[in-house]
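*Asks:* Below are the sequence and a predicted model; questions follow.
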Amino acid sequence: MDTLLTAEIAANSPRYRRRSSTFIDGVHDIPDENTSHMAPAQLYSTMSGRLFHSGRIAIVLVGLPARGKTHISVSLCRYLQWLGVKTRVFHLGDYRRATMDPNIDIPEDYFFVNASAPSVLLRQKILKKCREDIYAWLNHENGQVAIYDAVNPLAAGRRSLEKEFAKHDVQTLFLESYVADDKILQENARNVKISSPDFVGMDPDEAAQLYLRRIELKIPDFETMTETNLNWVKMINAGEAIKYNNVSFGYLSYRIVFYLMNLHIKARQTFFVRAGTSSHEDSYKADASLSDEGRDYARKMADTLMAHREKERLALIAKGGPNIPLRPLTIWTSTRKRTVETADYLKSLGYPVRQRSQMSQLNPGVCEKLSERAIRRIYPEEVEKHEKDPYHHRYPRAESYHDLAVRLEPMILELEREQNDLLIIAHESVLRVLYGYLMACDAMNIPTLKFPRNEIIEVIPKSYQNEAKRIYIPGLSLDIIPGSPEDIKIPVPASGVVSPMPGSGLASPATRD
Amino acid sequence: MARPRKTNGIGIGVEDTQICVVMVGLPARGKSLIAQKAQRYLKWLSIDAMVFNVGNYRRQDSPQPGADFFDNSNEKGERMRRAAAEAAVTDMLKWFKAGGVVGILDATNSTKERRRWVKERCDAQGVETLFVESKCDDEALVMSNILEVKTTSPDYKGLDPETAAQDFRERIHNYEKVYQTIDEDESHLTYLKIMDVGKQVIINRIQDYLQSRVVYYLMNLHIKPRSIWLSRHGESEFNLEGKIGGDAPLSARGEMYAKKLPDLVRESVGDDRPLTVWTSTLRRTIATARFLPESYNQLQWKALDELDSGVCDCLTYQEISELYPEDFAARDNDKYNYRYRGGESYRDVVIRLEPIIMELERSENILIVTHQAVLRCIYAYFMKKSQADSPWMAVPLHTLIKLTPRAYGTQEERYDAKIPAVSTWRGKGSVAKHEDPTAATDAIGKGGDLPQ
């Protein structure tokens, strides 16, 4: 009986998901042991596969439903994976859903301290499978961090959890999301939960109230963390305050706190576009101005973006959303002339533009302006090495994508903190890396992501996984779309490694909308 | 969650933030040390920062007061201390008006009333406040701080250390009588509260990325004793020819330096404990580090590569002045900010070195083998060199530098390998291949700016 149930959960379990497209957020994917060894911004590797002088860590979430635990777990997982820490999220809710018939509600007393025997049994079964997966990940799959996303409401339960992990030589760091502000709770409940069929046709505020009342009834006992002998971080009111109790913090924990300081839960969009084209004499070293064609592109791109934002706003109002003005839009460019000048038109309309020197394109080194054939002739050995590992290999005097990702690391934190909508105008190499972070792309796929000039790529953050969208820019001259003369001609293996969803994916042309 | 950003009404956000970091805590809790380090870090990142030490203002009128001066019931003392705080805050706000970004108010600010007053003054001028409280009840730690730092304070100059420590303890006692820690009443403040050297920490209402960066930096500081060793690569073929940049191999004399480096390091370390070695990704630094013992863990950082001179790469200064005369003049005019065409400026190098500095702050003993411009930037961080001076500093080849951070500044030692090498230093306006660096106004080994 038990084995049957376990098999059932395994079959339905989301951790067995395989990546299908670079257009789908890969944060829940299982890394393919054969192709990926290093993460995008990983600084070094060790024999054990563990980083930052830390052993294995279980990050255990604490908090009632609608406190943003899933969002926090997934975002943190994305960041740690990016740094090269082998991290995976285990959402207990996924295991519950995989175990239970979707048409049957969980028992009323499922979360009660004095639950009935069948409820306790069910609870234990679900927990057991989830824990087994966590230990399998930490003990046999080379994982370093397991993020355990569950309510964990009671101090006694947390203490025994910590003891159990310690027995397996795993350090526990609790991460509580505590919300005392009713406004935040209401907003969370409205945004995340009211799409559920239970609340169809109800006034959103009423639905939110009802949902929150249900939580109180279902989980009547909750103790916020005050344990002085445990390691914990408490996020209060979605980041308004952070408290931590440090029994044995290492560097990794500070890094996590730094990340949490910049995390917020407000909805906002990030747009990626290429810089306009410049004259044919341009090169990495020359840093030329935009051509007439490039300026034309800058204008059409900006007009398309503004029309798109307004259209989305109206669509939201049509769906019953509030009639509020657009979120402010901030623009980031590199310090290269082409990206700065591509933003000039938007700047003239009053949008703030920030130049970031970290966002300069990948330095092509000796390969600059060489054709692929020339590179193959002059540097055959380098080409061979490059084809083996296009992400980490650097041509003489050049930067690798890995170097670029490390250089962009501070940008990642600022990207998370930004509350405005953000338009990033940069060279394709920079877009690849930043997109790779937001969509948790495998490092090996990053060098082949394509950003044709006639598309604006939009990334919409969602709590379980981010979504990407493409916006078509009409009326552009065809010869600026595929690439541009100043592109770095470093050979990369055919994009067969990436298997985009049929008809979409970054490698295929945009659909008109 | 941060409060909503100020906007100008048409969906365009306002950027510029000015932050007053207000230190809070009893004497001998390391406030001045934290203030000094934060200032050094921010200035190095080109964020205009300045410490306003209320004690320095107070000393102008009462240079060596006794402990009773700090008793709350001493009206004259109270008045004078208030006047000193007033003068410091007034100067700080003037400095913000002139464009300062992060002002650090170094004082005890130990009452709620005083903190409210500072916040009101800052609010009135649109300056954000970030309170940083260091609360420590560990008697032993406080004592060691008193003995190490405070007995060298100008307040006790010329006094017997025992008497000074005694008087200082009384002064602290007087502060304790009125001290109010930051608590729930002040939950509207943006603050970082560090209790018992980081055992418990509260971070409240962080408003922007810059504040989070400052807080993260403060979390990474540690006080374990350690040293950092810096060396340029051995003399390269390009050094001999007077060319810049490139990826040339070592010269014969450069090879000699590489062979001697392990002995030089061992002599400096004093024992056999292994160091971690960081090199750049260029041939000349890797070759220089290749004879170091096996037990030394070695890492290559792209961020440690030499300043990228763009179109001028592999040229001599003579050639640059002929091919790009305007660039040559512009660079001499403002060497820190000049960005080579298609290359980097010193400012760009500092930005890419920031993760290295964060890593260095949290690490213990590290040996870095890198290049002239990069070494100038790292050295400038530890020794508080100005942006105007640091790009002109003479950094001789074939010399090992040992830096040991101490409470009030960094201690420096040099080990000359006694292997001749060309000079790569160049004075303003010069196109010479190998100029005599004795004309340099600033050089490694002349020590850092004195602490305030």
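*Replies:* Sure, I can see it.
*Asks:* use CA for all of it now, contacts and neighbours both
*Replies:* Fine.
*Asks:* secondary structure element for residue B:404?
*Replies:* For residue B:404, the element it lies in under DSSP states H and E is strand B:399-406.
*Asks:* After that strand, which helix or strand is next? Please name it.
*Replies:* Immediately after strand B:399-406, counting by DSSP H and E, sits strand B:409-416.
*Asks:* tell me the angle of that following strand relative to strand B:399-406?
*Replies:* If you take axes from the mean of the first three to the mean of the last three Cα atoms, to 10 degrees, strand B:409-416 sits at 160 degrees to strand B:399-406.
*Asks:* so how far is strand B:409-416 from its chain's centroid?
*Replies:* 16 Å (Cα atoms, centre = their mean, to the nearest Å).
*Asks:* Just the mean pLDDT for it, thanks.
*Replies:* Averaged across strand B:409-416, pLDDT comes to 89.
*Asks:* swap in stretch A:292-304?
*Replies:* On average, stretch A:292-304 scores 95.
*Asks:* biggest strand in chain A by residues?
*Replies:* strand A:171-178 (DSSP state E).
*Asks:* Check which strands are paired with it and give the direction for each one.
*Replies:* Using DSSP bridges, the strands paired with strand A:171-178 are strand A:57-62 (parallel), strand A:232-236 (parallel).
*Asks:* would TSV of those with mean neighbour count, mean pLDDT and distance to residue B:140 be doable?
*Replies:* Formatted as TSV, these follow (neighbours: other Cα atoms under 10 Å in any protein chain shown; pLDDT from 0 to 100; distance: least, Cα to Cα, whole Å):
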stretch	mean neighbour count	mean pLDDT	distance to residue B:140
strand A:57-62	24	96	33
strand A:232-236	25	95	27
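*Asks:* what's the longest helix in the chain?
*Replies:* Picked chain A for this. helix A:292-318 (DSSP state H).
*Asks:* wait, I meant chain B there
*Replies:* Under DSSP H, chain B gives helix B:75-97 as its longest helix.
*Asks:* which outside residues touch that helix?
*Replies:* For helix B:75-97, the external contacting residues (Cα atoms under 8 Å, 6 or more residues apart in numbering or on different chains) are B:18, B:52-55, B:57-58, B:69-72, B:103, B:105, B:118, B:122, B:125.
*Asks:* just stretch B:26-35 next, same as before
*Replies:* B:23-25, B:51, B:104, B:106-108, B:110, B:134-136, B:142, B:145-146, B:150, B:172, B:175-176, B:179, B:218, B:407-408.
*Asks:* So for the longest helix of chain A, what gets flagged as buried?
*Replies:* A:294-302, A:304-305, A:313-314 (16 or more other Cα atoms under 10 Å in any protein chain shown).
*Asks:* same deal with stretch A:152-168?
*Replies:* Across stretch A:152-168, burial judged by 16+ other Cα under 10 Å covers A:152, A:153, A:154, A:158, A:162, A:165.
*Asks:* average model confidence for stretch B:158-170?
*Replies:* If you average the pLDDT values across stretch B:158-170, you get 85.
*Asks:* in stretch A:210-218, what counts as buried?
*Replies:* A:211, A:212.
*Asks:* CA atoms only: put that stretch into CSV for me.
*Replies:* Extracted in CSV, the C-alpha atoms of stretch A:210-218 (Å, rounded to 0.1, in the frame of the first residue of the first chain):
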residue,chain,number,x,y,z
LEU,A,210,-13.2,34.5,3.2
TYR,A,211,-9.9,32.9,2.2
LEU,A,212,-8.1,34.4,5.1
ARG,A,213,-10.8,33.3,7.5
ARG,A,214,-10.5,29.8,6.2
ILE,A,215,-6.8,29.8,6.9
GLU,A,216,-7.4,30.8,10.5
LEU,A,217,-9.9,28.0,10.9
LYS,A,218,-7.7,25.4,9.3
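*Asks:* Residues contacting that stretch, please?
*Replies:* A:64, A:65, A:108, A:109, A:110, A:111, A:112, A:186, A:189, A:193.
*Asks:* Next, count neighbours for the closest residue to chain A within chain B.
*Replies:* Nearest to chain A in chain B, going by Cα to the nearest Cα, is residue B:342, at a distance of 3.6 Å. Counted with other Cα atoms under 10 Å in any protein chain shown, residues neighbouring residue B:342 total 18.
*Asks:* that's a helix at it, yeah?
*Replies:* No - under DSSP: H, G, I helix; E, B strand; the rest coil, residue B:342 sits outside any helix and is assigned coil.
*Asks:* how many neighbours does the closest residue to it other than its chain neighbours have?
*Replies:* Nearest residue to residue B:342 in three dimensions, chain neighbours excluded: residue A:285, at 3.6 Å (Cα to Cα, 6 or more residues apart in numbering or on different chains). By other Cα under 10 Å, the residues close to residue A:285 number 18.
*Asks:* hang on, residue A:285 is in a strand, isn't it?
*Replies:* No - secondary structure assignment (three-state DSSP) places residue A:285 in coil, not in a strand.
*Asks:* That one reaches residue B:343, doesn't it?
*Replies:* Yes - at 6.7 Å, residue A:285 counts as touching residue B:343 under the criterion of Cα atoms under 8 Å.
*Asks:* Can you read off the backbone torsions of residue A:449?
*Replies:* phi -60, psi 140 (degrees, to the nearest 10).
*Asks:* Read off the pLDDT value for it.
*Replies:* pLDDT at residue A:449 comes out at 89.
*Asks:* So it versus chain B, what's the distance?
*Replies:* Residue A:449 is 23 Å from chain B, where distance means Cα to the nearest Cα, to the nearest Å.
*Asks:* Residue A:434 is in contact with that residue, correct?
*Replies:* No - between residue A:449 and residue A:434 there is no contact under Cα under 8 Å: 11.1 Å.
*Asks:* so what are the domain limits for the chain?
*Replies:* Going with chain A. Dividing chain A into domains by the TED database, as the record does, gives the ranges A:37-261, A:270-363+A:399-472.
*Asks:* think we crossed wires, I meant chain B
*Replies:* With domains defined by automatic domain parsing, chain B comprises B:16-218, B:228-439.
*Asks:* packing partners for the lowest-mean-pLDDT helix or strand in chain B?
*Replies:* Using mean pLDDT, DSSP states H and E, helix B:139-148 stands out as the lowest-scoring helix or strand of chain B, at a mean of 78. With contacts taken as 3 or more Cα pairs under 8 Å, 6 or more residues apart in numbering or on different chains; DSSP states H and E, helix B:139-148 sits against helix B:161-176.
*Asks:* let's go with 7 Å and repeat that
*Replies:* Judged by 3 or more Cα pairs under 7 Å, 6 or more residues apart in numbering or on different chains; DSSP states H and E, helix B:139-148 is in contact with no other helix or strand.
*Asks:* Can you pull out the low-pLDDT segments for the stretch 351-500 of chain A?
*Replies:* Within the stretch 351-500 of chain A, the stretches with pLDDT under 70 are A:482-500.
*Asks:* ok and the residue in it nearest chain B?
*Replies:* Taking Cα to the nearest Cα, the stretch 351-500 of chain A has residue A:351 as its residue nearest chain B, at 5.8 Å.
*Asks:* Give me the buried entries from the contacts of stretch B:26-35.
*Replies:* Buried subset of the contacts of stretch B:26-35 (neighbour count, 16+ other Cα under 10 Å): B:23-25, B:51, B:104, B:106-108, B:110, B:134-136, B:142, B:145-146, B:150, B:172, B:175, B:179, B:218.
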